[in-house]
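In: Predicted model follows, preceded by the sequence.
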Number of protein chains: 2
Amino acid sequence: MAALNVFPAEWRRGVYEAIARRRDIRSFRPDPIAPDALARILSAAHHAGSVGFSQPWNFIVVDDLELRRKIHDHVDAERLRAAEGFEAERKAQYLSFKLEGILEAPLNLCVTCDRTRFGPAIIGRNTIFDTDIYSTCVAIQNLWLAARAEGIGVGWVSILKPEVLQQILGIPDHVVVVGYMCVGYPVEFAQRPLLEAVGWLPRLPLSELVFSNRWKGAPGGELASALRDVDQNAAHQNAAQLRPPPSETDR
Amino acid sequence: MAALNVFPAEWRRGVYEAIARRRDIRSFRPDPIAPDALARILSAAHHAGSVGFSQPWNFIVVDDLELRRKIHDHVDAERLRAAEGFEAERKAQYLSFKLEGILEAPLNLCVTCDRTRFGPAIIGRNTIFDTDIYSTCVAIQNLWLAARAEGIGVGWVSILKPEVLQQILGIPDHVVVVGYMCVGYPVEFAQRPLLEAVGWLPRLPLSELVFSNRWKGAPGGELASALRDVDQNAAHQNAAQLRPPPSETDR
């Protein structure tokens, strides 16, 4: 029966804890990532679903410091350019944020999407050409969550021009850079996302994001009440401390 | 220290098991999804990282049968149209695949991305405009994995024109349809993805997808060996049975 497929409580908890404790990490310890841990999180990415089983991704492990310096210089220039989009006070706050750990993380990971892989006819890609990129994104989330379970932090750096990375890393034209990630052991997994914690933007209530049958359609009574419960629990959790996971030896 | 952040073994296992056992589900039992379970998996989606904390997503729960019939008719027409992209034998095999469970699943979920939310200036979205869509994709993966832990199946239907869905569900122009999901208790979580199991396309070896420092750069000895180990374990797992998760009462 259906119940047979439900995970045992501790497995289920692990999934929800990884989702709740995953953070975009920008400050890293210098400790290297063991090759077998790196292989496990890359394998997690590779086991994402992909449109038509096209597996369009590649992963370039970047540890060369010379390459990373070039990439860092580009990202920093774009970061400063972006500051012009914010007004006075907002701009100063924006400039105070640490947005990446390209040089301090032990490695970077460039995640790409080969737009021609197994193509041109791919099941499920006939109406939305970008579904290959969507697949690459869900692979990144697998990696991000697996990394969290391993105590490894991942930070997604998106303040960059894909074509510049393409040139620096020798990526051909039919392959698109989707994500550039910093990977390493974090200084901390913070309680809340930085931009929420500092009040840059508020966490939206889930109950305002869910509609029924039409855009803006109000969910029925039971679902509406379940969504409000989730929002209340989230508010409660933010007030309390998110404790570190129990260590093996504690248990 | 770093080790403190590592999840306890059973939590970690849960994350990896969800990743390994997640499937794109196309055959569903009629049993309804309890509102609290639905709220939990939606909350998992909402706790994904998003570019500049913009949380650009909405979730339209579609259970109205009349709406679903319209959507199903459109998807089926596009499915037949796509068949023309395959030659003789491939075409017959393609047409034999069950690709969606829009009508039989207890509910569908339209996941959208509001391109204007908190904008126009969003941290991290100044160089890649589509990062809001990337965020919506990683949210979908959170939902997919949380659903797997709950024993709930999710199938991503991408053979559709977003603008048709937009019209059917009354979604405004500044909001993009990213994913249309069928959600319900599955007939089974199959051992392997359908298109792999039937030999439509092969699973690529991870060791061929990972590069070092440059496109096509060969990884160093230790990482190369760890990647080969992962590939060997995966081949081994495919040969063995992926057993159902142990139930609570078994433990």
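Out: Okay, I see it.
In: Any idea how far apart the tips of stretch A:121-140 sit?
Out: Using CA to CA, to the nearest Å, one end of stretch A:121-140 lies 24 Å from the other.
In: now it: how far from the chain's centre is it?
Out: Mean-position distance between stretch A:121-140 and its chain equals 18 Å (CA atoms, centre = their mean, to the nearest Å).
In: Then stretch A:13-22?
Out: That offset, for stretch A:13-22, works out to 13 Å (CA atoms, centre = their mean).
In: how about that stretch: buried residues?
Out: A:R13, A:G14, A:V15, A:Y16, A:E17, A:A18, A:I19, A:R21, A:R22 (16 or more other CB atoms under 10 Å in any protein chain shown). Quick note: C-beta positions are derived from backbone N, CA and C, even for glycine.
In: Likewise for stretch A:54-68?
Out: Those would be A:54-64, A:67-68, for stretch A:54-68 by 16+ other CB under 10 Å.
In: what about stretch A:43-55 and chain B, any contact?
Out: Yes. Stretch A:43-55 lies within reach of chain B by CB under 8 Å from any CB of the partner chain, at A:S43, A:A44, A:H46, A:H47, A:A48, A:G49, A:V51, A:G52, A:F53, A:S54, A:Q55.
In: Give me the mean pLDDT for that stretch.
Out: Mean pLDDT, stretch A:43-55: 97.
In: Send me it as PDB with only the CA atoms.
Out: The C-alpha trace of stretch A:43-55 is given here as PDB (Å, rounded to 0.1, in the frame of the first residue of the first chain):
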ATOM      1  CA  SER A  43      26.500  11.900  -7.800                       C
ATOM      2  CA  ALA A  44      23.500  13.300  -5.900                       C
ATOM      3  CA  ALA A  45      23.300  16.000  -8.600                       C
ATOM      4  CA  HIS A  46      23.600  13.500 -11.400                       C
ATOM      5  CA  HIS A  47      20.600  11.600 -10.000                       C
ATOM      6  CA  ALA A  48      18.200  14.400 -10.400                       C
ATOM      7  CA  GLY A  49      15.500  13.900 -12.900                       C
ATOM      8  CA  SER A  50      16.200  15.400 -16.300                       C
ATOM      9  CA  VAL A  51      13.900  16.200 -19.200                       C
ATOM     10  CA  GLY A  52      13.700  13.100 -21.400                       C
ATOM     11  CA  PHE A  53      16.600  11.600 -19.300                       C
ATOM     12  CA  SER A  54      18.900  13.900 -21.200                       C
ATOM     13  CA  GLN A  55      21.300  14.400 -18.200                       C
END
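In: show me where the stretch 51-200 of chain A has helices.
Out: A:65-83, A:88-96, A:131-149, A:162-169, A:194-197 (DSSP state H, counting those that start in this stretch).
In: ok, back up a step: turn the buried residues of stretch A:13-22 into JSON lines, including distance to chain B, secondary structure and pLDDT.
Out: Shown next, in JSON lines, are these (distance: CB to the nearest CB, whole Å; DSSP: H, G, I helix; E, B strand; the rest coil; pLDDT from 0 to 100):
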{"residue": "A:R13", "distance to chain B": "6", "secondary structure": "helix", "pLDDT": "97"}
{"residue": "A:G14", "distance to chain B": "3", "secondary structure": "helix", "pLDDT": "97"}
{"residue": "A:V15", "distance to chain B": "4", "secondary structure": "helix", "pLDDT": "98"}
{"residue": "A:Y16", "distance to chain B": "7", "secondary structure": "helix", "pLDDT": "97"}
{"residue": "A:E17", "distance to chain B": "6", "secondary structure": "helix", "pLDDT": "97"}
{"residue": "A:A18", "distance to chain B": "5", "secondary structure": "helix", "pLDDT": "98"}
{"residue": "A:I19", "distance to chain B": "5", "secondary structure": "helix", "pLDDT": "97"}
{"residue": "A:R21", "distance to chain B": "8", "secondary structure": "helix", "pLDDT": "96"}
{"residue": "A:R22", "distance to chain B": "7", "secondary structure": "coil", "pLDDT": "97"}
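In: So A:D229 sits against B:L42, correct?
Out: No. Using CB atoms under 8 Å, A:D229 is not in contact with B:L42, being 11.9 Å away.
In: These two - which one has more neighbours?
Out: Using other CB atoms under 10 Å in any protein chain shown as the criterion, A:D229 and B:L42 rank with B:L42 on top: 28 against 17.
In: ok, back up a step: please identify the most buried of the helices of the stretch 51-200 of chain A.
Out: Mean neighbour count, computed with mean count of other CB atoms under 10 Å in any protein chain shown, is highest for helix A:131-149 among the helices of the stretch 51-200 of chain A, reaching a mean of 27.
In: Let me know the average pLDDT across that helix.
Out: Here the average pLDDT along helix A:131-149 is 98.
In: do that helix and chain B meet at all?
Out: Yes. Using CB under 8 Å from any CB, we find that helix A:131-149 touches chain B at A:131, A:133-134, A:137-138, A:140-142, A:144-146, A:148-149.
In: Pick the one among those closest to B:Y185.
Out: Using CB to CB, A:V138 is the member of those that lies nearest B:Y185, at 21.7 Å.
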